[in-house]
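Chemist: Just a sequence and a predicted model for now, questions to come.
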Amino acid sequence: MFQTFEDTSDKSQSAPRIASLRAVLKEAGVDAFVVPHTDEYQNEYLPPRAERLSWLTGFTGSAGTAIVTQSDAVIFVDGRYTLQVKDQVDLSVVTPLAIMEILPDAWIREKLQKGERFGFDPWLHSPAGVKTLEAACEKVGGELVSLQINPVDTIWEDQPPAPCTPLQIHPEEFAGKTAEEKRKEISEKLSSDKVTSVVLTKPESIAWLLNIRGTDVLHTPLPLCFAILHATGRVDLFVDLEKLTDEVAEHLGPDVTIVSQGSFSDHLAAIGKEATIQVDPSTVPYEVVRVLKETGCTVKEESDPCTLPKARKNETELAGTREAHIRDGAALTRFLFWLGKEGPKGTVDEIAAAKKLESLRAETNQLKDLSFDTISGAGPNGAVVHYRVTEETNRPLKSGELYLVDSGGQYLDGTTDVTRTVAIGVPTDEMRNRFTRVLKGHIALARARFPKGTSGANLDVLARAALWEAGLDFDHGTGHGVGSYLGVHEGPQGISKRSHTPLEPGMIVSNEPGYYKEGEFGIRIENLIVVTPLEDVADGERPMMGFETITLAPIDLALVDPTLMTADEITWLNAYHTRVRETLSPKVDDTTKAWLEEATRTIS
């Protein structure tokens, strides 16, 4: 499962590929084209066929957008990728731009000329995204043009085929609810809202709704498909028929009609004018809405009705993820013990460390996949927020440097995501200072108490305050939602300046503040936390909530400076380490257990 990312999109090929794209655009009478990192399902992790951005530019990050004109080629990335993109693209051909400094629509307004035509693939953009592009084009007198055939596909001669792996049943013992119960819950809401049907184009929503999973994309157990849920509770599932087994067909039952995915557009076009069809404008492909509106039916734009119920984990899912985190924490603890012995010898590199960690997870015999590509960064590579090691960038772990490992596993009972930063040898005072400030932010968020209705945007400052005091910060969100044997990045909940969905009991989010010094080291401490109602608020006037930390693994005490911490912070760290020690000691061998005793010792 671990990959070293042999780049099929060698940046040396970007010049001829972009030249070919320009020729195709010129022939079509189009002056510019946008290439987002997405597919028709709005997935984060894409099947190889949909990796158009990577193939064209060489950039392998999980988020980015390129725009190619006859004279310019630019790629927009967020704060996670500002360093990575400079290493991966041919800077003589493609210009990286930070999305924090200029948005794609602002660039269009600057560069597009009156009368020029700006092309896009209608399956790769939401209506909301198209509206933004359209406004930018109109502002300068340009024209936004929908291209039914993606021009990148026409020049990608060896483009891989679409994935076709069998559908899998996700048992009720892990899901906590039957598919029938979920369909009933959502369809009753549709009926009360006077909605005929809802079009579901996010595979994770369909997977959750029907208690199915798949292996069509790496690291996320998704079956690539579309669905229409009707207010009657019936479902039309649009999927490659070769993915269907008799067992899955029996599981889906008579109320789920299996339809070939190739007929999805025709099915939409046949919807009657009297119907009211709900779509999520932030995720549904623009083409779906266009086809629906052509039928004359009423299109109602509302959030995907599966999103919030999926995010609010039920008791079975929460019990499962706690077990998954104990299992995963034991594997990570074994790895940290091994790393402490082998790391300072200079014989371990980033790839070897990542493979060792995966092998220890695999020894549980319950690992289905990694939950994402392991970030294994030594020294300056740790400062690249979403670093992905290659044979070319692979670096040995060296004494006196920091090593950052961000990793996770997919288990039937839960999805994990954890980051630890480890000192190889003796850390510098600067490293300990920065690490402790990150830890203080982590603890502040873990200890937070907040009233019902609070969003992640309200809490984000807690994780940054100790860094801000020293004139420091980090350029990524503090936390993201996590699924239950689904996506490691799940909405709508999160903890960041832009996370405005109220946090609700049962939601899982990550707690991962960090600090990155370009060219030297990176620091991140990540645990997963569950939103939990608080019952111990004496004389309280409002319902209050807090977080339960479910990730269990030692935090490197060699990097902690207790003089920078308050008594309450030290108490939290000692209590956390006591819980780690008591929970994981029975799950590891005696030698690791002895190391764990020391790694989780009480500090003052």
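Modeler: Thanks, I have it.

Chemist: List the residues that contact the residue of the chain most remote from its centre.
Modeler: Distance from the C-alpha centroid of the chain, by CA atoms, centre = their mean, peaks at Asp539 (39.6 Å). By CB atoms under 8 Å, 6 or more residues apart in numbering, the contact list for Asp539 is empty. (C-beta placed from N, C-alpha, C; glycine too.)

Chemist: Give me the secondary structure label for it.
Modeler: Using DSSP: H, G, I helix; E, B strand; the rest coil, the structure places Asp539 in coil.

Chemist: That one and Pro533, how far apart?
Modeler: 17 Å (CB to CB, to the nearest Å).

Chemist: Beyond the longest helix belonging to the chain, next helix or strand please.
Modeler: Assignment by DSSP state H gives helix 315-342 as the longest helix of the chain. Per DSSP states H and E, the first helix or strand lying C-terminal to helix 315-342 is helix 350-362.

Chemist: Contacts for that next one, please.
Modeler: Outside helix 350-362, the residues within contact range by CB under 8 Å, 6+ apart are 1-2, 4, 328, 331-332, 334-335, 338-339, 343, 348, 367, 370, 374, 376-378, 381, 389, 391, 393-397, 403, 405, 407, 409.

Chemist: can you pull the buried residues of stretch 443-460?
Modeler: 443-446, 448, 450, 454-460 (16 or more other CB atoms under 10 Å).

Chemist: can you pull out the strands in the stretch 451-600 of the chain?
Modeler: For the stretch 451-600 of the chain, the strands defined by DSSP state E, counting those that start in this stretch occupy 479-481, 490-495, 508-511, 514-517, 521-524, 527-534, 544-549.

Chemist: Output the ones you listed in a markdown table; the columns should cover mean pLDDT, mean neighbour count and distance to Cys297.
Modeler: Below are the strands of the stretch 451-600 of the chain laid out as a markdown table (pLDDT from 0 to 100; neighbours: other CB atoms under 10 Å; distance: least, CB to CB, whole Å):
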| stretch | mean pLDDT | mean neighbour count | distance to Cys297 |
| --- | --- | --- | --- |
| strand 479-481 | 98 | 25 | 32 |
| strand 490-495 | 96 | 24 | 26 |
| strand 508-511 | 98 | 26 | 37 |
| strand 514-517 | 98 | 23 | 47 |
| strand 521-524 | 98 | 26 | 47 |
| strand 527-534 | 97 | 20 | 38 |
| strand 544-549 | 97 | 19 | 40 |
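
Chemist: Relative to Asp304, which of those strands is closest?
Modeler: strand 490-495 (9.1 Å; CB to CB).

Chemist: Please save the CA atoms from the closest one in CSV.
Modeler: Taking C-alpha atoms only, strand 490-495 is exported to CSV below (Å, rounded to 0.1, in the frame of the first residue of the first chain):
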residue,chain,number,x,y,z
GLU,A,490,-14.9,14.6,5.9
GLY,A,491,-17.2,17.6,5.9
PRO,A,492,-18.9,19.7,6.8
GLN,A,493,-17.3,20.0,10.3
GLY,A,494,-13.8,21.3,10.8
ILE,A,495,-11.6,23.6,12.8
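
Chemist: tilt between it and strand 544-549?
Modeler: 110 degrees (axes from the mean of the first three to the mean of the last three CA atoms, to 10 degrees).

Chemist: Show me what strand 490-495 is packed against.
Modeler: Applying 3 or more CB pairs under 8 Å, 6 or more residues apart in numbering; DSSP states H and E, one finds that strand 490-495 contacts helix 307-311, helix 456-468, strand 479-481, strand 508-511.

Chemist: got the angle between that strand and helix 456-468?
Modeler: Using the same axes, to 10 degrees: strand 490-495 against helix 456-468 is 50 degrees.

Chemist: who does strand 490-495 pair up with?
Modeler: Using DSSP bridges, strand 490-495 pairs in its sheet with strand 479-481 (antiparallel).

Chemist: can you pull the contacts of the closest residue to Lys243 other than its chain neighbours?
Modeler: Distances taken as CB to CB, 6 or more residues apart in numbering place Leu167 nearest to Lys243, at 5.0 Å, with adjacent residues excluded. Counting by CB under 8 Å, 6+ apart, Leu167 touches Ile212, Arg213, Gly214, Pro223, Val239, Lys243, Leu244, Thr245, Val248.
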